[in-house]
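>>> Any chance you could fold what I've pasted below:
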Amino acid sequence: MTQMLFREDAYAQEAAASVVGHTEEGGIVLDRTVFYPAGGGQPGDSGTLTWQDRALTVATTVKGPADTIVLVPADADALPAIGQEITQRLDWDRRHRHMRVHTALHLLSVAIPFGVTGGAISAQHGRLDFNMADPLDDKDAVEKTLNDMVATDARVCESWITEAELDAQPDLVKTMSVQPPRGAGRIRLIRIGDEAAPLDLQPCGGTHVARLGEIGAVRLGKTEKKGRMNRRVYLHLDG
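This is a model prediction of the structure:
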């Protein structure tokens with residue numbers, strides 16, 4: 001099992017770690033990592049590993065078996081040996097953009113109150129697919145709603161509930177195609193705004209900004225019809 005430092009502090013940009021394994025495909029498993037593995041529509045982190053006088057570029061990060069996290073090198077260079085102490089450093093600009101886009105997509109799910117059937121995140125934009133038959137009535141109004149929410153600079157926090165508590169509040173789950181992972185006994189929630197009256201509250205395992213103001217201005221891009229009951233809406237970082 002890999003200790004998920006990004007879960008403890010999404011702003012941790014580097015950390016020391018020890019190599020505990022290699023995969024057959026040439027990946028590296030650390031005992032602890034700041035690298036987020038691809039999941040929930042959010043890409044895996046990239047960055048570098050350094051040790052002694054060596055450096056290795058990490059192209060992406062994925063989930064491995066038994067709750068491990070695998071760092072995938074960009075090139076098939078010699079890997080740090082098992083037991084080697086290394087320093088890991090994120091491509092922080094890319095990760096922070098993922099955090100901004102991811103949090104903005106939570107707001108988009110508030111501004112367009114339909115079930116979410118899919119989504120994806122990049123460093124420049126993101127998109128959500130909604131279970132809706134008709135196009136947006138007023139795209140400019142949705143964009144204004146988004147930027148008004150960003151302007152509140154509300155706090156973004158995490159909390160945890162049991163699986164039984166989630167079962168008693170099924171409306172918390174906005175994603176129709178993917179359910180929160182179960183088996184650990186508890187579910188992570190991301191809350192935007194005040195606890196008594198949050199702007200948004202939903203299960204999520206990704207990384208997010210601490211305050212909405214970090215997102216900056218956003219704009220809506222194209223919308224696409226992807227089926228009789230499916231509309232795809234793109235959101236872009238505007239700064």
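>>> Report whether D45 is found in a helix, as I expect.
No. Read with DSSP: H, G, I helix; E, B strand; the rest coil, D45 is coil and lies in no helix.
>>> Is it in contact with A59, as I believe?
No. In this structure D45 lies outside contact range of A59 using Cβ atoms under 8 Å: 10.0 Å. In short, each C-beta sits where N, CA and C put it, glycine included.
>>> pLDDT below threshold where in the protein?
The chain contains residues with pLDDT under 70 at 176-184, 239.
>>> In it, mark out all the helices, start to finish.
With DSSP state H, the ranges of helices along the chain come out as 5-8, 92-111, 139-151, 163-167.
>>> okay, those, which one's buried deepest?
Compared across those, helix 92-111 shows the largest average neighbour count, a mean of 21 (mean count of other Cβ atoms under 10 Å).
>>> any idea of the angle it forms with helix 139-151?
120 degrees (axes from the mean of the first three to the mean of the last three Cα atoms, to 10 degrees).
>>> hmm, back to that, looking at D45 and A59, which is more packed in?
Legend: neighbour count by other Cβ atoms under 10 Å for D45 and A59, higher for D45 (26 against 13).
>>> So the residue positioned nearest the centre of the chain versus K144, what's the distance?
Centroid check for the chain by Cα atoms, centre = their mean gives G206 as the closest residue, at 3.2 Å. Here G206 is placed at a distance of 26 Å from K144 (Cβ to Cβ, to the nearest Å).
>>> swap in L56?
Separation of L56 from K144 (Cβ to Cβ) stands at 45 Å.
>>> roughly how far apart are the residue nearest to H22 when sequence neighbours are not counted and K139?
Nearest residue to H22, sequence neighbours excluded (Cβ to Cβ, 6 or more residues apart in numbering): L79, at 5.8 Å. Using Cβ to Cβ, L79 is found at 49 Å from K139.
>>> got a list of what T2 touches?
Taking Cβ atoms under 8 Å, 6 or more residues apart in numbering, we find T2 in contact with 29-33, 64, 67-69.
>>> Show me those residues that map onto strands.
29-30, 32-33, 69 (DSSP state E).
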